[in-house]
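Visitor: kindly generate the corresponding structure for this input.
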Amino acid sequence: MKQRILFVCLGNICRSPAAEAMLQQMITREGLAEHIEVDSAGTYGGHAGERSDVRMRRAAGARGIEMTHRARQVREEDFDRFDRIIAMDDNNYEALFRLAPDRAAQQKIFRFREYLRHHPDWSYIPDPYYEGHEGFELVLDLLEDGCAQLLSELKA
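Guide: Below is the predicted model:
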């Protein structure tokens, strides 16, 4: 049975598409594409159809991660389609909780921080949109940590 993961941030142009691309690369490298599906979305729909932020694409590309996702907003059917819906921060976690159609759907919502193992001081994945290059690098470091742990759990 295929496991389906949805990463969620605000606009779906920085954090969540980077997490999607990073986890997808890990899945492909381990030959697990038939077993795990990954996607991303935003709680805000103002960037729908846009490519990821060029600064995030550049920073991810320097690490060999290609980001091809087009932004989209979370839809109600996502709560049926995905097994885990992972929010990048508390604001998006709470927004997802309000959007969830029922308690069963709410039980699928997780915080990305739950998967961090090497960055215990971080309680959320910060939005790098208004930051410089270092902000994008930090986000990628955090995502790499959490995605590795998530993949380990998915394989178990």
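Visitor: just the strands from this protein, written as ranges.
Guide: Assigned by DSSP state E, the chain shows strands spanning 3-9, 36-42, 84-87, 109-111.
Visitor: ok, and for the shortest one, which residues are buried?
Guide: Residues of strand 109-111 classed as buried under the neighbour-count rule (16 or more other Cβ atoms under 10 Å) are 109, 110, 111. The way it works is simple: take the backbone N, C-alpha and C, and place the C-beta from them, glycine included.
Visitor: stretch 47-64 now?
Guide: 47, 52, 53, 55, 56, 57, 59, 60.
Visitor: with those residues in mind, which one is nearest to residue 30?
Guide: For the buried residues of stretch 47-64, the minimum distance to residue 30 (Cβ to Cβ) is 18.9 Å, reached by residue 60.
Visitor: what packs against the longest helix seen in the chain?
Guide: Looking only at the chain and at elements set by DSSP state H, the helix with the highest residue count is helix 133-155. Taking 3 or more Cβ pairs under 8 Å, 6 or more residues apart in numbering; DSSP states H and E as the contact definition, the neighbouring helices and strands of helix 133-155 are strand 3-9, helix 15-29, helix 54-62.
Visitor: partners of the first one in the sheet?
Guide: Translated: strand 3-9. Here the strand partners of strand 3-9, with direction, are listed using DSSP bridges: strand 36-42 (parallel), strand 84-87 (parallel).
Visitor: what stretches of this structure score poorly on pLDDT?
Guide: Flagging of the chain using pLDDT under 70 yields an empty set of residue ranges.
Visitor: can you rerun that using 90?
Guide: Filtered on pLDDT under 90, the chain yields the residue ranges 1, 120, 130-132, 156.
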